[in-house]
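**Q** predicted model and sequence follow; I will ask about them next.
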Amino acid sequence: MLRQQGYDARKADREPEPLGTFSTNENVTVHGDEVTCIDFNGMGPVGDRPQRLSDECRVALQALTTALADHSLTLQHTRHIAAMLRSGDDFAQCQNTLHEALAPAHPALTLRIVQKFPHPDQRIALSLIASPHPF
């Protein structure tokens, strides 16, 4: 019952990350057959980031792929994706990466400009909704 309401027992039972380790704000919830992945970024395990924004986007997509696989889904099941960036001008740098990864799914896209991220060097966060059934 709690799982259907979006409660993720794995998060609640997790040990706190040791000091010095980059803490992510990634969140995965399940509602029926929908999986929602929130705030996936392209930062490394200790807060390092790829030099190019397109690579940062690719790392975030790889993390999303792993999270979806835990629920027997792939990026091809994506119905909606939200890309959060500091500047709309930056979107062109990751647009091709998103298109290559998600084009077969034809998801709706929301581009959201944000003032800042949890980590000062972070430039992108991706959130998505995936489902094995089309809407």
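**A** Alright, I've got the coordinates. Model, not experiment: these values are computed from the prediction.
**Q** middle-most residue in the chain, spatially?
**A** Compute the mean C-alpha point of the chain, and by Cα atoms, centre = their mean the closest residue is residue 40, 3.0 Å away.
**Q** would you confirm that that residue contacts residue 59?
**A** No - with contact defined as Cβ atoms under 8 Å, residue 40 does not reach residue 59; the gap is 9.0 Å. Every C-beta, even on glycine, is put in place using the N, C-alpha and C of the backbone.
**Q** show me what contacts the closest residue to residue 53 other than its chain neighbours?
**A** Here the nearest residue to residue 53 in space, its sequence neighbours aside, is residue 93; by Cβ to Cβ, 6 or more residues apart in numbering that works out to 4.2 Å. Contacts here follow Cβ atoms under 8 Å, 6 or more residues apart in numbering; on that basis residue 93 touches 52-54, 57.
**Q** same deal with residue 109?
**A** Going by Cβ under 8 Å, 6+ apart, residue 109 touches 80-83, 98.
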